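>>> take this sequence and fold it.
(one chain, ligands or ions: 2)
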Amino acid sequence: MSNALQLPIIDLASPDRFSTANSIRQQACIDHGFFYLVNHGVDEELVKKVFEQSSNFFSFPIEEKMKLAIKNHRGYTALYAEKLDTTLTTKGDSKETFYVGPLADGLNQWPLEEDLPSWRSTMETYHQKVLSAGTKLLSLIALSLKLDEDFFGKVGALNEPLGFIRLLHYPGSGDLDSSSEEVYGASAHSDYGMITLLMTDGVPGLQICREKSKQPQVWEDVPSISGAFVVNIGDMLERWTNCLFRSTLHRVLPPRQERYSVMIHPFAVYA
Ligand SMILES: O=C(O)CCC(=O)C(=O)O
Ligand SMILES: [Fe+2]
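Ligands and ions are numbered 1, 2, ... in the order given. Alright, predicted model coming up:
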């Protein structure tokens, strides 16, 4: 069963920080665990380039992509290689992924510049810009918890920005083997870390289940808003707030037409 829902919209540039922090607390983080973020300062042109470059990489033949197979949590994972809901007995999620980790430690794997010009610089710029939006958002989240704006910085949660970008490609149903198995684009899970900032190409598929222990589970569609990030609270922030904030279960249905998304878990993913 699924319904469309209206998630709260949070304006990162709003001058009224205290009222924004109140909306973040109640509607965004307590009621839903998911919200839209607008006026976040990440340029639309840059987002467009990230999607173009993502599509350029995923359109390579599998042998080429496997040359960058995942190592140190960076690089390529093939279709069906990951299964976010480990209780499922199906073959895996119908998506392929490319991971870009923190920029400073030299562990990232990059496509060759001659194969994909500006690929690396596009991803590096995106990484930095989203990290900066995430830092601003965390100061509002701190305010919403009645903490000092710079609380997360002071306790060291931003010291080493362990940002991981995940580029995702969900092939359309016409490009997948038809099977009777129940395969998801991304099966049901909650995210680790503090927050996730997600951008999609607008193709539907994302759903959330706000009451994970209620049976039968109710899944609601999350429509995309052009240019807005979909932000969700991760397990660590749920833990740190003693379950006041919600790390909401979500999944992606296998899309009929192909779908791209890009997400980043900006901070403290291992802590
Ligand atoms: O592609 C999406 O819309 C969300 C995917 C997701 O939730 C994840 O990979 O953690
Ligand atoms: Fe997720």
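>>> the closest residue to residue 58 other than its chain neighbours sits in which helix or strand?
Counting by C-beta to C-beta, 6 or more residues apart in numbering, residue 169 is the residue found nearest to residue 58 once chain neighbours are left out, at 4.2 Å. Every residue, glycine included, has its C-beta placed from N, CA and C. Following DSSP states H and E, one finds residue 169 within strand 164-170.
>>> list the helices and strands that strand packs on?
Contact partners of strand 164-170 among helices and strands, from 3 or more C-beta pairs under 8 Å, 6 or more residues apart in numbering; DSSP states H and E: helix 44-58, strand 96-100, helix 119-144, strand 259-265.
>>> of the ones you listed, which is nearest residue 164?
strand 259-265 (5.2 Å; C-beta to C-beta).
>>> which neighbouring elements make contact with the closest one?
Strand 259-265 makes packing contacts with helix 44-58, helix 119-144, strand 164-170, strand 195-200 when contacts are defined by 3+ C-beta pairs under 8 Å, 6+ apart.
>>> can you redo these as CSV with mean pLDDT?
Output for the helices and strands packed on strand 259-265, formatted as CSV (pLDDT from 0 to 100):
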stretch, mean pLDDT
helix 44-58, 98
helix 119-144, 95
strand 164-170, 95
strand 195-200, 96
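>>> how about the residues of the stretch 101-250 of the chain by ligand 1?
When proximity is defined by C-beta under 6 Å from any ligand atom, the stretch 101-250 of the chain lies next to ligand 1 at 168, 186, 191, 198, 200, 206, 250.
>>> buried subset of the residues you listed?
The neighbour count (16 or more other C-beta atoms under 10 Å) marks 168, 186, 191, 198, 200, 206, 250 as buried among these.
>>> which ones are touching the third one?
Pointing back at residue 191 there. 232, 234-235, 247, 265 (C-beta atoms under 8 Å, 6 or more residues apart in numbering).
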